[in-house]
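[1] mind folding the following:
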Amino acid sequence: MDILRLNKWYCSFVMLIAVICIIQPVLADGGTLAISYRGAGGYYIGDTITFDGRDTTGNTTLMKITGPGLPSQGVPLSDLNGIPGSGNTVAVNRDGSWKFIWYSANTAGIEKLVTARYTIMAMNLSNPEKTATTSILMKKPEFYIDAQLSPINPGDYVQLNGIAERGVTYVKIDVTDSSGITLRSFISPVSGLGSFQYGFRGDMPPGRYVVTVSNPSMKNTLMTILTVVAPVNPIPTSSPPENVTLESSPTPAQPVTPVATLTPAIPLSPLPAIAGLFISTVIALVWSTGHRK
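    I've put the predicted structure just below:
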């Protein structure tokens with residue numbers, strides 16, 4: 001009797017393990033991924049936007065953006081110049097919730113954004129087939145500034161274009177580094193319609209810089225990001241480093257072609273000319289004396 005009970009318990013245990021092994025992949029495959037945003041769905045370029053949702057398919061969610069002027073595969077929200085298909089990673093909490101805050105004012109390549117509707121995609125990093133999307137309307141603010149070139153090499157020319165508030169006659173342009181130290185300051189005139197254009201040489205070392213445009217009478221401070229990168233193929237310098245002796249390698253002798261010259265190799269001596277003059281004088285005196293006789 002005990003043996004029968006033991007066999008029943010054993011069979012039940014084996015069946016339970018089998019059911020767990022079968023059901024577990026089904027539950028994992030049935031995970032969900034959702035995305036939403038906080039707000040009305042209309043934002044100005046430069047706003048801070050919060051996205052959140054649930055992801056029960058894995059531990060990491062990948063965030064991408066696509067839309068006008070951007071690759072269809074999407075790029076990271078923090079870098080619109082990023083590799084197509086890449087994105088920002090977001091850790092998923094134990095309960096499956098996640099949150100991502102997009103500080104669009106600090107986005108590299110923000111000048112690519114225009115007034116248009118953009119698609120925000122959430123994808124599970126371990127299960128790329130699990131995706132969720134939402135769309136938001138991004139609007140260019142009434143007052144804005146664009147950097148014509150980004151990124152640039154050290155020494156490249158940077159053209160700034162923007163719209164300031166009407167009635168402002170000038171704007172101050174400050175270039176600060178990541179620690180907030182102002183490296184360059186410029187003054188640009190503003191047209192009667194509020195537009196301004198200003199160019200300067202970006203002679204800063206590689207790094208990310210904040211370009212701020214302001215005026216005491218302006219309500220809004222305009223800002224954009226300028227990225228300076230090292231040249232891919234730097235031009236080598238011809239001057240040798242200090243304390244280094246350069247040795248020239250011997251080259252085979254080449255036949256020398258004689259070149260004709262109009263000047264003699266040895267300068268003429270003045271003695272023959274003096275002797276000739278002396279003889280000519282003596283002959284003249286003798287001849288003159290003979291005629292007098």
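[2] does residue 187 count as helix, strand or coil?
    Per DSSP: H, G, I helix; E, B strand; the rest coil, the secondary structure class of residue 187 is strand.
[3] give me the neighbour count for it.
    9 (other C-beta atoms under 10 Å). C-beta here means a position set from N, CA and C on the backbone, and glycine is covered the same way.
[4] and the pLDDT for it?
    Note on residue 187: pLDDT of 96.
[5] any idea what it is bridged to?
    residue 172 (DSSP bridges).
[6] contacting residues for it?
    170, 171, 172, 173 (C-beta atoms under 8 Å, 6 or more residues apart in numbering).
[7] which of these are buried?
    If you count burial by 16 or more other C-beta atoms under 10 Å, the buried members of the contacts of residue 187 come out as 171, 173.
[8] of the contacts of residue 187, closest to residue 105?
    residue 173 (16.6 Å; C-beta to C-beta).
[9] look up the pLDDT of the residue lying closest to residue 203 once chain neighbours are set aside for me, please.
    Of all residues not flanking residue 203 in the chain, residue 155 sits nearest, at 5.4 Å (C-beta to C-beta, 6 or more residues apart in numbering). pLDDT recorded at residue 155 is 88.
[10] how far away is residue 155 from residue 165?
    Using C-beta to C-beta, to the nearest Å, residue 155 is found at 33 Å from residue 165.
[11] same deal with residue 49?
    Distance from residue 49 to residue 165, by C-beta to C-beta: 25 Å.
[12] can you check residue 176 too?
    Taking C-beta to C-beta, one finds residue 176 at 22 Å from residue 165.
[13] before we move on, what about residue 33?
    On the measure of C-beta to C-beta, residue 33 and residue 165 end up 43 Å apart.
[14] which of the two has more neighbours?
    residue 33 (22 against 16).
[15] residue contacts, the more buried one?
    Going by C-beta under 8 Å, 6+ apart, the list of residues near residue 33 reads 53, 54, 55, 56, 57, 61, 122, 123, 124, 130, 131, 132.
[16] again, but for residue 212
    Applying C-beta under 8 Å, 6+ apart, the residues near residue 212 are 173, 174, 175, 176, 221, 222, 223.
[17] change it to 10 Å
    145, 171-176, 182, 185, 221-224 (C-beta atoms under 10 Å, 6 or more residues apart in numbering).
[18] just the residues you listed now: which is nearest residue 43?
    residue 223 (15.7 Å).
[19] verify the stated contact: that closest one with residue 175.
    No: in this structure, residue 223 is not within contact of residue 175 by C-beta atoms under 10 Å, at 11.2 Å.
[20] so what sits against both of these two?
    Contacts common to residue 223 and residue 175, judged by C-beta under 10 Å, 6+ apart, are 210, 211, 212.
[21] need those in JSON lines (columns: pLDDT).
    Conversion of these to JSON lines gives the following (pLDDT from 0 to 100):
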{"residue": "210", "pLDDT": "89"}
{"residue": "211", "pLDDT": "91"}
{"residue": "212", "pLDDT": "91"}
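[22] got those as a markdown table, with secondary structure and distance to residue 86 columns?
    Formatted as a markdown table, the shared contacts of residue 223 and residue 175 follow (DSSP: H, G, I helix; E, B strand; the rest coil; distance: C-beta to C-beta, whole Å):
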| residue | secondary structure | distance to residue 86 |
| --- | --- | --- |
| 210 | strand | 24 |
| 211 | strand | 26 |
| 212 | strand | 29 |
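[23] moving C-terminal of the least confident helix or strand in the chain by mean pLDDT, what's the next helix or strand?
    Lowest by mean pLDDT, DSSP states H and E among the helices and strands of the chain is helix 2-29, with a mean of 50. Next helix or strand after helix 2-29 toward the C-terminus (DSSP states H and E): strand 33-37.
[24] buried stuff in that next one?
    So for strand 33-37, counting by 16+ other C-beta under 10 Å, buried means 33, 35, 37.
[25] closest to residue 159 among these?
    When the buried residues of strand 33-37 are compared against residue 159 (criterion: C-beta to C-beta), the nearest one is residue 37, at 33.6 Å.
[26] my read: the closest one touches residue 120, true?
    Yes: with contact defined as C-beta under 10 Å, residue 37 counts as touching residue 120 (7.4 Å).
[27] list residues touching both of these two?
    49, 51, 100, 102, 134, 135, 136.
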